[in-house]
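A.B. asks: build me a structure from this.
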Amino acid sequence: MRAIVTGADSGIGRATAVALAESGLDVGITWHTDEAGAQRTADEVRSRGVEAVVGHLDTADLERCGPAIGDLVEALGGLDVFVNNAGTGIMTPFLDTSMEEWRRVVDTDLSGAFACIQRAARHMVAARRGGCIIAVTSVHAHQPMVGSAAYDAAKHGLDGLMKTIALELAWHGIRAVSVAPGEIATPMTGQTDVDPRDHDRPGIPLGRPGDAREVGAVIAFLASRAAGYITGTSLSVDGGMLQMGPQAGAAIADHDWRHVRD
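C.D. replies: Predicted coordinates:
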């Protein structure tokens, strides 16, 4: 069995690559700016007794996305699981978001994801062995956040894309599932190599951020035969964050939420 995990140089991507390796899969790893981080992930994967290959991928470079995935599939000798994890975001109010910022986020998180997933799916269909495609979206694929117009739009779009893929590819034995993390202690949230259990989050029912390995474990399960009847849905890994809508809204005592936090 072979898998590709994009953006696996750190955070959720690294944790996912390692979790898949622990399940016995060879893993293709992509990086955008941190090649050394990707090589460290590859070392962790190989330490589990499986193969790892590393390749560069910039999901904002739409013309190169497909060929980059194709190169990894060739190096692995096939593809059974594809995890679209690479992404970016900004915290800029809607009225202040430039077209350049909008394009960068939407290209990276949605258009590039489309190009990568399409190439991966074509390989799976051609191989006639079925497969599983998993997209790491966000709780903000379901609920918006002030300052995240581009990110919210891209993640909503990616979640919708995955639902359509689930319908169209089911005939080929290919499942498509979204995983929607909440606040996870990763470089993207400014929490590199921290223990999330040491951080108090009163607004999250479980009272803390998540650990990237908790997300990776869910993705590894969804990629396994044990999840063989799960497709076309989104699974939140958020400590209960999404359930706090009315509860949190009733508890807010001022209008600070209307502004992007420093």
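
A.B. asks: can I assume residue 69 sits in a helix?
C.D. replies: Yes - remark: residue 69 belongs to a helix, assigned using DSSP: H, G, I helix; E, B strand; the rest coil.

A.B. asks: what about it, neighbour count?
C.D. replies: 27 (other Cβ atoms under 10 Å). The C-beta positions use only the backbone N, C-alpha and C, and glycine is treated the same way.

A.B. asks: ok, it - contacts?
C.D. replies: Contacts for residue 69 (Cβ atoms under 8 Å, 6 or more residues apart in numbering) come out as 4, 57, 82, 116, 119-120.

A.B. asks: return the distance of it relative to residue 39.
C.D. replies: To residue 39, residue 69 is 19 Å away according to Cβ to Cβ, to the nearest Å.

A.B. asks: now residue 211
C.D. replies: From residue 211 over to residue 39 the distance is 23 Å, taken as Cβ to Cβ.

A.B. asks: ok, these two, which is more surrounded?
C.D. replies: Per other Cβ under 10 Å, whichever of residue 211 and residue 39 has more neighbours is residue 211, with 18 against 15.

A.B. asks: which residues touch that one?
C.D. replies: Counting by Cβ under 8 Å, 6+ apart, the residues that residue 211 touches are 15, 184-185, 196.

A.B. asks: let's see 7 Å
C.D. replies: By Cβ atoms under 7 Å, 6 or more residues apart in numbering, the contact list for residue 211 reads 185, 196.

A.B. asks: torsion angles phi and psi at it?
C.D. replies: Dihedral pair for residue 211: phi -100, psi 140, per degrees, to the nearest 10.

A.B. asks: which strand residues bridge it?
C.D. replies: Per DSSP bridges, the residues bridged to residue 211 are residue 185.

A.B. asks: could you report the separation of it from residue 98?
C.D. replies: Residue 211 sits at a distance of 34 Å from residue 98 (criterion: Cβ to Cβ).

A.B. asks: just residue 222 next, same as before
C.D. replies: 36 Å.

A.B. asks: between those two, which has more neighbouring residues?
C.D. replies: Neighbours per residue, other Cβ under 10 Å: of residue 222 and residue 98, the larger number sits with residue 222, 22 against 11.

A.B. asks: quick one: the strands in the stretch 151-262 of the chain, in order.
C.D. replies: Using DSSP state E, counting those that start in this stretch, the strands of the stretch 151-262 of the chain run over 174-181, 184-185, 210-211, 234-237.

A.B. asks: can I get those in JSON lines with mean pLDDT?
C.D. replies: JSON lines is the format used below for these (pLDDT from 0 to 100):
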{"stretch": "strand 174-181", "mean pLDDT": "98"}
{"stretch": "strand 184-185", "mean pLDDT": "87"}
{"stretch": "strand 210-211", "mean pLDDT": "92"}
{"stretch": "strand 234-237", "mean pLDDT": "96"}
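
A.B. asks: which of those strands sits closest to residue 136?
C.D. replies: Proximity to residue 136 (Cβ to Cβ) singles out strand 174-181 among the strands of the stretch 151-262 of the chain, at 5.4 Å.

A.B. asks: so what's the gap between that closest one and the chain middle?
C.D. replies: The chain centroid and the centroid of strand 174-181 are separated by 9 Å, computed with Cα atoms, centre = their mean, to the nearest Å.

A.B. asks: ok, stretch 160-174 next?
C.D. replies: That offset, for stretch 160-174, works out to 18 Å (Cα atoms, centre = their mean).
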